[in-house]
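Q: Need coordinates for the following:
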Amino acid sequence: MRDGAVIRVRQHGNPKGPRIAVCHGNGLASDAYYPFWRLLEARYELIVFDVRNHGRNPLHGANGHNWENFTIDQREIYTGIAAVLGEKPTLAAFHSLSAIASLQLAVDGEAPWSAMLLFDPPINPPVGHTLYQAHLDDMAIMTRRAARRPERYRSIGLFEYQLRAGRGFQRWVDGAHHLVAETTLRFDEEVGDWVLVCPREFEAKVFNTNADAAIWPRVGEIRIPIRLVGADPEIEYATQPASSCRALAREFGLAYDCLADTSHFLQIEQPERCARILEEFLAEHELVA
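A: Next up is the predicted model:
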């Protein structure tokens with residue numbers, strides 16, 4: 001990136017098929033979404049990357065870990081993909097953090113993507129909206145929770161055990177708990193244990209600063225195809241992004257799917273359904289395998 005941060009971009013799947021870019025949410029890694037994107041490998045060219053300071057990327061530093069860079073990084077990543085692999089219409093299949101960054105680019109008229117399929121973006125409603133305070137309250141909760149996370153684990157298995165015990169992770173498909181643990185920890189050779197790839201203070205900072213109320217009112221200005229896939233706002237312990245995603249779709253008449261009995265981690269809870277929605281979206285806009 002322009003400030004020296006390294007983003008490691010990987011090409012998977014069928015290079016002759018339609019191109020799909022895959023990216024993740026705060027504190028996670030795109031490889032943790034493999035239960036979802038593995039279903040697309042046979043027919044599509046998949047461009048998989050992580051947000052800076054996440055996943056396979058080296059740690060770059062706290063100063064550049066901000067929403068402005070997350071947004072600009074997407075444009076630079078697209079430019080790099082086109083330079084190496086050639087120009088090609090590209091569908092962005094982004095979740096949460098990366099979905100919001102792509103919305104920011106789109107409302108500014110700078111979206112490099114041909115279309116966007118966005119999974120449960122925790123977008124901030126405008127001041128005065130009925131969901132505005134609920135969003136701020138949820139981000140405050142997530143900030144505190146991230147700041148309290150253990151920084152280190154003696155083994156990947158211990159983190160996997162912690163995830164399996166978590167109330168919000170009970171719907172995950174088999175193997176997902178291990179995959180999330182494996183892809184969000186990095187072995188520290190000096191100490192001999194496992195450390196969070198994305199430091200907890202970095203994760204907390206992202207939640208704490210997700211307060212831009214200027215994107216929502218401009219979503220109607222987006223000129224590329226967009227479809228929202230939201231979690232279920234009616235389940236017990238429903239997450240706030242589910243309600244915001246539904247409200248955003250209704251207010252702007254956006255194509256929208258609500259996945260029953262899912263939380264914010266819908267791609268690793270119902271990967272087959274998410275893959276079908278993606279293929280429906282591609283077919284609708286004549287980008288089919």
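
Q: Show me where the stretch 151-289 of the chain has its strands.
A: For the stretch 151-289 of the chain, the strands defined by DSSP state E, counting those that start in this stretch cover 152-153, 185-188, 193-196, 226-230, 255-258.

Q: Check which helices and strands the last one is in contact with.
A: Applying 3 or more Cβ pairs under 8 Å, 6 or more residues apart in numbering; DSSP states H and E, one finds that strand 255-258 contacts strand 226-230, helix 240-252. Where you see a C-beta, it was placed from the backbone N, CA and C, and this is true even at glycine.

Q: Can you tell me how far residue 44 is from residue 217?
A: Look at residue 44 and residue 217: by Cβ to Cβ, to the nearest Å, they are 34 Å apart.

Q: So these two - more neighbours on which side?
A: Each of residue 44 and residue 217 has its neighbours counted (other Cβ atoms under 10 Å); residue 44 has more, 28 against 14.

Q: Can you tell me, leaving aside adjacent residues, what's nearest to that one?
A: In space, and not counting its chain neighbours, residue 44 is closest to residue 17: 4.3 Å by Cβ to Cβ, 6 or more residues apart in numbering.

Q: how near is that neighbour to residue 54?
A: Taking Cβ to Cβ, one finds residue 17 at 26 Å from residue 54.

Q: Between the two, which is the more surrounded one?
A: Higher neighbour count among residue 17 and residue 54: residue 54, with 28 against 18, using other Cβ under 10 Å.

Q: which of the helices and strands packed on strand 255-258 is buried the deepest?
A: Most buried of the helices and strands packed on strand 255-258, by mean neighbour count (mean count of other Cβ atoms under 10 Å): strand 226-230, with a mean of 24.

Q: I'd like the mean pLDDT over that strand, please.
A: If you average the pLDDT over strand 226-230, you get 98.

Q: quick check: angle from that strand to helix 240-252?
A: 140 degrees (axes from the mean of the first three to the mean of the last three Cα atoms, to 10 degrees).
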